[in-house]
Structure formats: C-alpha cells, structure tokens
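Q: need coordinates for the following:
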Amino acid sequence: MLKFNEQKQVDDIQGALNLRPHVEQIVDKICEKGYDNIFYLGIGGTYASALQAETYIKGHSNLPVYVQHAAEYYTTGNRRLTKDSLVILSSVTGTTEEVVKAVNEIKKVGATLVGFIDTKDTSLAESCDYVIIYPAPGTEQIKFFMVADRLMNNNGDFPDYEEYYAELEGHLAKGLVEAEKQADTFGQAFAEKHRHDAMHYFIGAGNQWGGVYSYAMCYWEEQSWLRSKSIHAAEFLHGTLEIVDETTPVTLFLGEDEQRPLAERVKKLLPRICGNYTFIDSKDYSIEGISEKNRGRVLSHLLMHCVTQRIDAHVEKLNCHPLDIRRYYRQFEY
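A: Here you go, the predicted model:
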C-alpha cells in the first residue's frame, strides 16, 4: 500500500492513547481549581478539529463549550472568554501566526491554556500553562476528545468512561489500520475517477462535519490543489442542492453520532438529482472490540480519516504532485 506504515500508525495511535494519565492529571487539576467555560481555539485544520470536539460535547453534556476562531479572536475578541475560561489548542509547528496572536491576547485576559504542541521550544509551547508534546500525525482529534471525555467524566456525564477507554486502548490502533487496508481499493478507484474534478462537493454532519470541512480545504485544496467545497448536510438542503445536476461530483460522509439522520436525509435525496455521487459510511468499517454504543464517539470520524488517507495517497501518485508542496502557504510573508 502507498504511504502506509502499519507499525508506525499503530504506535502513533497507541502512543496518543497512552497520554491519558497525563491528560487526566492536567484536567483534574483544572477542575479542582474551577472554570466557567471551555473554548477550543484553532484555525484551518485545528479549527475543524475544534468543531468536532464542540459537537461531541454538546451531544453528551451540559458543559458550556465554544469554538473560537483564532483570527476572529485577536481582531474581535470574545467577552465570554474570561480569566476563568479553559482554552484548549493544538499546533504542529508551534508557530501558527494567527494562533500565536490569539494566545498573546488570551494571556492578557488570564485564561488557562492547555496546548497540544508537536514542536517543543516554540512560541506556543512556551505560552501555554500546560503543554503536551506528542508529534504524531492524525492524533489531534484523539487528544481533543480525551480532554473532552475527562471533563465530562468529572462533570458526571460519562459513567462508562473507564470501560470506553479500555476498549480504545485494547482495540483502536489495530482496528484503524485494518480499516485503512479495507479502504485501499476504494481509495484508488475514487482517486482515479475524481483526481481531475473541476469542483467537488463534500458533505457531512455531526462529528463528520469538522472532518469534511478540513478535508475539502486542508487536503484537497491546500495539499492536492483540487477545487472543492465543504457543506454541512443540513445546509446542503438550503441552497447548494440547486447547483447539483447529473454530472456534479458529490461525496457524502455518514457517521454514527446523533446527527446521522441529517446525512441520511441527503443520502435519500442525492440519487434523485445526481448521477455522480459517492457515499462513505463509517458503519461499513467494523472494528473488533469496540462496542456498538461507543462507535459514535471518536471512532466514526477516525474511520473517515482512514478512508481519505487512502484517497490522498492515490491522488498524489496519479497526479504526480507531492502533498507537501505549497505554492504560497508559509512560502513568503502575507
């Protein structure tokens, strides 16, 4: 398989799960001190992961949680964000310009900052009150959700917390690599069909929505230089459907959380108006050892990532375009 290192991927996922005692220690200390609300801070891909975490918490808890776009914060501010707020962020480089600016302003307010920063001795690593360094691609959602889970557990919203993590720690890493193997043939066929699309529409809801948002912008547009648009399944029915015809490339991601019915409504409609649609359903990928009741938490959008990684690997080879090349991003000042 292209760009597939099974042992490394298992080790990366297992290593992220092994962060749990450290995460619990940090979250428990924050809970003991007290906080008034929770903000997930991000931009681009980290903003997308923040959307997933927010949707997740809203579906399982009454904790006050918000997504804060970094650039909007340092220009507009947010008076809900106070000295008693908990702010959670992630950065691969530790130098993302907009996040650095936002964090500098947040520090003036005095909120508590928890950062998953992949690069030590960087601006963001030095600015956060609590820092966890773990540079492993594809584990950001696990980290964000791990904080969310501990917060909900401490709030009395997650009675099966220990059982859930026993399942993840025992089965998730191996299950995801098996799902990626299963998805490879599909990924190649999808890449061959769509690698020259003039425009491609990606649709999702619930915890799939943040992944769809990121996939269209950070992967197809930024990395593969393919034009695309992400649209929430609920919003698709209020505008975007009118520009779909029998030739329009449309891909719908179906997850397994509370908002699945929104995606299923689009699934029911698409065959009536489009002849070029694809459904990617996380239910098609079984993970031995993960119980049915727990599949909708973090698993369904991690499975989506398994599928999209296969698509991207084949698009990269077929289009002879390395995914780490950028025309403009971080190439000069702007």
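
Q: got any ranges where the stretch 1-150 of the chain has weak pLDDT?
A: Applying pLDDT under 70 to the stretch 1-150 of the chain picks out no residues at all.

Q: can you show me the helices along it?
A: Using DSSP state H, counting those that start in this stretch, the helices of the stretch 1-150 of the chain run over 6-17, 20-33, 45-60, 70-76, 97-109, 123-127, 140-154.

Q: can I get the ones you listed in JSON lines with mean neighbour count?
A: C-beta here means a position set from N, CA and C on the backbone, and glycine is covered the same way. As requested, the helices of the stretch 1-150 of the chain are exported to JSON lines (neighbours: other Cβ atoms under 10 Å):
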{"stretch": "helix 6-17", "mean neighbour count": "16"}
{"stretch": "helix 20-33", "mean neighbour count": "15"}
{"stretch": "helix 45-60", "mean neighbour count": "23"}
{"stretch": "helix 70-76", "mean neighbour count": "16"}
{"stretch": "helix 97-109", "mean neighbour count": "18"}
{"stretch": "helix 123-127", "mean neighbour count": "18"}
{"stretch": "helix 140-154", "mean neighbour count": "23"}
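
Q: can you put those helices in a markdown table and add distance to Gln259?
A: Compiled in a markdown table, those are given as follows (distance: least, Cβ to Cβ, whole Å):
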| stretch | distance to Gln259 |
| --- | --- |
| helix 6-17 | 25 |
| helix 20-33 | 26 |
| helix 45-60 | 7 |
| helix 70-76 | 24 |
| helix 97-109 | 28 |
| helix 123-127 | 31 |
| helix 140-154 | 16 |
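
Q: indicate which one of those helices is closest to Asn319.
A: helix 45-60 (21.1 Å; Cβ to Cβ).

Q: contacting residues around the nearest residue to Gly34 once chain neighbours are set aside?
A: Excluding its sequence neighbours, the residue lying closest to Gly34 (Cβ to Cβ, 6 or more residues apart in numbering) is Asp84, at 7.0 Å. Asp84 makes contacts with Gly34, Tyr35, Asp36, Asn37, Ala111, as judged by Cβ atoms under 8 Å, 6 or more residues apart in numbering.

Q: which of the helices of the stretch 1-150 of the chain sits closest to Ser286?
A: helix 6-17 (17.1 Å).

Q: gap between Phe144 and Pro271?
A: To Pro271, Phe144 is 35 Å away according to Cβ to Cβ, to the nearest Å.

Q: now do Glu98
A: 41 Å.

Q: Val315 too?
A: Val315 is 25 Å from Pro271, by Cβ to Cβ.

Q: which of the two has more neighbours?
A: Val315 (24 against 10; other Cβ atoms under 10 Å).

Q: element containing that one?
A: helix 300-319 (DSSP states H and E).

Q: for Val266, give me its contacts.
A: By Cβ under 8 Å, 6+ apart, the neighbours of Val266 are Ile203, Ala233, Phe236, Leu237, Leu252.

Q: strands - which of these land there?
A: Ile203, Leu252 (DSSP state E).

Q: can I get the buried part of the contacts of Val266 as one PyMOL selection?
A: In PyMOL, a selection of the buried entries from the contacts of Val266 looks like this (16 or more other Cβ atoms under 10 Å):
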select buried, resi 203+233+236+252
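
Q: now for the contacts of Val266: which two are most distant?
A: Leu237 and Leu252 (12.1 Å).

Q: next one: phi and psi at Glu264?
A: phi -60, psi -30 (degrees, to the nearest 10).

Q: equivalent analysis for Asp281, please.
A: Dihedral angles for Asp281 - degrees, to the nearest 10 - are phi -120, psi 120.
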